[in-house]
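*Asks:* Sequence and predicted structure are below.
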Number of protein chains: 2
Amino acid sequence: MGTGGLSVAKQHAMPRMLPPNQRYITIDEFTLESGETLVNATVAFTFMGLLNAARDNAVLVCHALSGSADVTDWWASLLTQASPALDPAKWCIICCNALGSPYGSASPLTPRTGKRLYGPDFPKTTIRDDVRIHKQVLDILGVRSIYCVIGGSMGGMAALEWSLLFGKDYVQSMVLIATAARQSAWGAAWAENQRCTIRCDPKFCGGHYDVNDPPAAGLAAARMAALLTYRTHQSFEKRFGRHGTSTSSEAAYLSQSYLQYQGNKFNTRFDANCYLHILDKIDSHDITRNRYPPGLRKEEAVGKVLAQIRQPTLVVGIPTDGLYPLCEQYTLYENLPNAAFAQLHSEDGHDGFLLEAAQLNDLLRSFLGM
Amino acid sequence: MGTGGLSVAKQHAMPRMLPPNQRYITIDEFTLESGETLVNATVAFTFMGLLNAARDNAVLVCHALSGSADVTDWWASLLTQASPALDPAKWCIICCNALGSPYGSASPLTPRTGKRLYGPDFPKTTIRDDVRIHKQVLDILGVRSIYCVIGGSMGGMAALEWSLLFGKDYVQSMVLIATAARQSAWGAAWAENQRCTIRCDPKFCGGHYDVNDPPAAGLAAARMAALLTYRTHQSFEKRFGRHGTSTSSEAAYLSQSYLQYQGNKFNTRFDANCYLHILDKIDSHDITRNRYPPGLRKEEAVGKVLAQIRQPTLVVGIPTDGLYPLCEQYTLYENLPNAAFAQLHSEDGHDGFLLEAAQLNDLLRSFLGM
C-alpha cells in the first residue's frame, strides 16, 4: 500500500488506552474552518485489506460520537458475518478518527505545549474539518477514489460532507445510516442537556480539570441520558421489565444499575472535554452552511444542496430511532437524486445501526454489489 | 359544603409561593405504606363548585409530577373552553396535592422540628399513600362517592389506585391519560438519569442543602432532560428548526436557550428534594405490588389486577408519547373489563395531555355524558 513516502508509524504518545492496531499520521499545519491552525495535528486511522492496482477499492467507514478508528471494536459484527460486507479480501477498509476524539487524533487530550494538554482550549472543529484532514490521510495512503463511504449517526454526517467536498469522481457512492442533513433542534437540545450535566460536576472546573481526577459523575450522567436517547421504551421493557416476574422496583433497580454501569464504564474510555468538543462538532453540522445564502428557507436550501450529490446512495432509517428519526432519513432520500431507501428493523432505536449486524450486512452487500 | 366539623383554613406556613386559592387539612397521624408515621401531615387541596345533595357529583382531578392542587394553573384550558368538561356548575371539582410536592402538602420542605425542614429525611411515600391520605380529605369534605377520577401521567397512576383501594361503589368511573399500570424500566431509567444529574451539583450535599442556596444547576439540568422526554423531535423542529431560515447553529441556540430558560424557571417553583421524592414515588408505582404473589409473571399479574377494576374507564393514549407510549395504554385498555380507548393527537408527545385542551375537553365531555 502506498504511503506517499511519509512514515506511518505506530505510536502510543498518550497515557490512555488506544486501539492497539491503529496508525498515525501527523500533519504539520492544518487550518480549520474557523481559521485557527492546528500545528502537528495527528490523525489516528486503521486500514484492513489492500488497495488494488487502480487504488479505487477503498471503503471508508466513518465513526459516530463515541467511536474510534478501530472498526473491529464497534462494528466487528460486519466483519465477522459468514459473508461480510466489510471484506478485507475485497476492499481496503479505512477508518480515520475524528478530531477531538480521545482515541488518538488531535484532541483536548493532546499536549499543547510541553506536557500541558489543550483541555477546553482545543479549538472547535467541524465535520468538514474532519473530512478535509482525513482526505490528507487518504492521499498519503494513495487512495485514488473511494468506492463507498459508509457512516451512521455522526459518521453519516461525515459521509455527506465527503461527497460535497470532494465530488462524484472521488466518492463513488455513499451509505447514510440514521443521520441527518443538518443537526436538528431536537438533537441540539439533548446535547445542551448533556453539557449542563457535565458542567454541574464540581470537578469540571470549566474544563480545566486534572485528567487523573476528572468530572466522572457528570460525564457518567451525561452518557446515561445519551444512551437513553439511543434506545427505546420497548428495548428497556424487553430487557428489564415486561416479561419477567420482577416487581416494578426490581425492574427499576435493574435498569438503573445497567445505566450506572454504562455511565461509569464510559469514564474508562472517554474524556469530558472530548465529549463536549464532539457535541459542539455535531451541533455545527449543516450541509447548507456557507453553501446557500442565509435568507433561503432552510428546507429549500437543504433540498438544493442534496440535489448536487449525484452518487448512488443508500439511505438507511430505523423506524424506532427517536434521535434521528425516519423523517430525517426521508429528507435525505427524497432530495438525493440517486438514492435508495431501506429500513433497518430494530427495537433498539438509534443504536440499531450498531446492533442489527446481520440485517445491515445484507443491506450493505446488496448495495455494494457483493 | 360539608367539612366534617374540622377547620379548613387558608394557610401560608411555607416561605415559597403557593397557589393562593388552595386550602389545607392537617391529619394528626398518618401511617405510610412503609410503616413510618407522618405527624401533623398537611394536605393542600382545591375545590371548585359545590357538592350536590347526594354528594356524588365530585370529579377528582389528580396532578402529575410537577403539578399542584391548583387545576386552574396547569389545566386551565379545560375550565375555559366554551363548554368546559370541568364545569363547576355541574361538578364539585377537587384536586389534592401529592405528598412530597413543594406545593403545600407535607414534603421535604415541611418543618420537622422547629424550623428545621425534613429535607432528604422526609419519609418515602407511594401513590397509594397519596390516595389514602387524600381519601381522608374527601371524607372530611363530605364526598360520598366520586363520579369520575381523572389523571394524566402520575395522576393516572393515582386514579388506578383510587379504584383499586376504594372500589366500584366509591369510584364510579375513571379517565386514565398517558399513564401506566406500573412504572416501566424505561421511565425508571430516565428518573435515575435525573437523580444522577441532581447529585452532581456540588450544592446538593446529599440533600442537606440550604434552601436559599439550592442545587439549582442540577435541578435545572434534570428538568431539561425531563422536558425533552415529554416532547418530541417533531415538536422541536416545528418550533425551532425546520421551517425558518435559521442556520443549524441558530436553531440549536434557540432550542438550547428555551431549554435553559425552562430549567432555570423550574427552580423558581420546585425543590430538588421534592423532585427526587416524587421520582421515587413514581418509580414505586406498581398496581400489582402486594396484590399478587411475586412469582407470577408480571404481565399476568397486571392483567389480573386490572381485571378487578369494573368501573367504566376511558383510556387516552398519545401516539407520539415516548415516555408512556401507546403500548402502555393498550395494556390498560385490553385488560380493563369496561374500558374505551381514545387517541389524543399531538405532535408534542407526553405533554400533549396538558397541551391539547380542545381535544381532551371533547373526549372528557363525551365520556362524562355532558
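*Replies:* Perfect, thanks for sending it. Values in this document were obtained by computation on a predicted structure and should not be read as measured data.
*Asks:* List the residues that contact residue A:174.
*Replies:* A:148, A:149, A:150, A:159, A:160, A:162, A:163, A:309, A:311, A:312, A:313, A:314 (CB atoms under 8 Å, 6 or more residues apart in numbering or on different chains). Backbone N, C-alpha and C define where each C-beta goes, glycine included.
*Asks:* list the helices and strands the lengthiest strand in chain A packs on?
*Replies:* Scanning chain A for the strand with the most residues, using DSSP state E, yields strand A:37-48. Helices and strands touching strand A:37-48, as assessed by 3 or more CB pairs under 8 Å, 6 or more residues apart in numbering or on different chains; DSSP states H and E, comprise strand A:23-31, helix A:71-74, strand A:92-96, helix A:127-141.
*Asks:* What is the neighbour count of residue A:43?
*Replies:* Residues lying near residue A:43 (other CB atoms under 10 Å in any protein chain shown) number 25.
*Asks:* what's downstream of the helix or strand bottoming out on mean pLDDT in chain A, the next helix or strand?
*Replies:* The helix or strand of chain A with the poorest confidence is strand A:111-113; it has a mean of 84 (mean pLDDT, DSSP states H and E). Sequence-wise, the next helix or strand downstream of strand A:111-113 (DSSP states H and E) is strand A:116-117.
*Asks:* per-residue confidence averaged over that following strand?
*Replies:* In this model, strand A:116-117 carries a mean pLDDT of 90.
*Asks:* tell me, which of the contacts of residue A:174 make contact with chain B?
*Replies:* Residues of the contacts of residue A:174 in contact with chain B (CB under 8 Å from any CB of the partner chain): none.
*Asks:* Put together a markdown table for those, with pLDDT on each row.
*Replies:* Compiled in a markdown table, these are given as follows (pLDDT from 0 to 100):
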| residue | pLDDT |
| --- | --- |
| A:148 | 98 |
| A:149 | 98 |
| A:150 | 98 |
| A:159 | 98 |
| A:160 | 98 |
| A:162 | 98 |
| A:163 | 98 |
| A:309 | 97 |
| A:311 | 96 |
| A:312 | 98 |
| A:313 | 98 |
| A:314 | 98 |
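*Asks:* returning to that earlier point: what mean pLDDT would you report for the longest strand of chain A?
*Replies:* On average, strand A:37-48 scores 96.
*Asks:* okay, the angle between it and strand A:23-31?
*Replies:* Relative orientation of strand A:37-48 and strand A:23-31, computed by axes from the mean of the first three to the mean of the last three CA atoms, to 10 degrees: 150 degrees.
*Asks:* pull the CA atoms of strand A:37-48 into CSV?
*Replies:* Taking Å, rounded to 0.1, in the frame of the first residue of the first chain, the C-alpha atoms of strand A:37-48 are listed here in CSV:
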residue,chain,number,x,y,z
THR,A,37,-4.4,26.4,12.7
LEU,A,38,-3.6,23.1,14.4
VAL,A,39,0.2,22.5,14.4
ASN,A,40,1.4,18.9,14.3
ALA,A,41,-2.2,17.6,14.0
THR,A,42,-2.2,13.9,14.4
VAL,A,43,-4.8,11.7,12.8
ALA,A,44,-5.3,8.1,14.1
PHE,A,45,-6.5,5.6,11.5
THR,A,46,-6.8,2.0,10.6
PHE,A,47,-6.9,0.0,7.4
MET,A,48,-7.7,-3.6,6.6
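*Asks:* and of the helices and strands packed on strand A:37-48, who's closest to chain B?
*Replies:* helix A:127-141 (11.0 Å; CB to the nearest CB).
*Asks:* Packing partners of the closest one?
*Replies:* Judged by 3+ CB pairs under 8 Å, 6+ apart, helix A:127-141 is in contact with strand A:23-31, strand A:37-48, strand A:58-62, strand A:92-96, helix A:154-170, helix A:272-283.
*Asks:* Pull the next helix or strand after it out as PDB, backbone CA atoms only.
*Replies:* Where DSSP H and E defines the elements, the next helix or strand beyond helix A:127-141 is strand A:146-152. Backbone C-alpha positions of strand A:146-152 (Å, rounded to 0.1, in the frame of the first residue of the first chain) are rendered in PDB as follows:
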ATOM      1  CA  ILE A 146     -13.400   5.900  -2.600                       C
ATOM      2  CA  TYR A 147     -15.700   3.100  -3.700                       C
ATOM      3  CA  CYS A 148     -18.100   3.800  -0.900                       C
ATOM      4  CA  VAL A 149     -18.200   6.000   2.200                       C
ATOM      5  CA  ILE A 150     -20.300   4.500   5.000                       C
ATOM      6  CA  GLY A 151     -21.400   6.100   8.200                       C
ATOM      7  CA  GLY A 152     -24.100   6.000  10.900                       C
END
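*Asks:* how many neighbours does the residue lying closest to residue A:112 once chain neighbours are set aside have?
*Replies:* If you skip the residues right next to it in sequence, residue A:112 has residue A:118 as its closest partner in space, 4.6 Å away by CB to CB, 6 or more residues apart in numbering or on different chains. The local packing of residue A:118 (other CB under 10 Å) involves 20 other residues.
*Asks:* and what of residue A:28?
*Replies:* The number of residues near residue A:28, taken as other CB under 10 Å, comes to 9.
*Asks:* Can I get the helices and strands packed on strand A:37-48 in TSV including mean pLDDT?
*Replies:* Output for the helices and strands packed on strand A:37-48, formatted as TSV (pLDDT from 0 to 100):
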stretch	mean pLDDT
strand A:23-31	97
helix A:71-74	94
strand A:92-96	98
helix A:127-141	98
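*Asks:* Give me whichever of the ones you listed is most buried.
*Replies:* Ranked by mean neighbour count, those are led by strand A:92-96 with a mean of 26 (mean count of other CB atoms under 10 Å in any protein chain shown).
*Asks:* coming back round to it: can you verify my assumption that the residue nearest to residue A:112 contacts residue A:102?
*Replies:* No - the pair residue A:118 / residue A:102 is not scored as a contact, 11.9 Å apart, by CB atoms under 8 Å.
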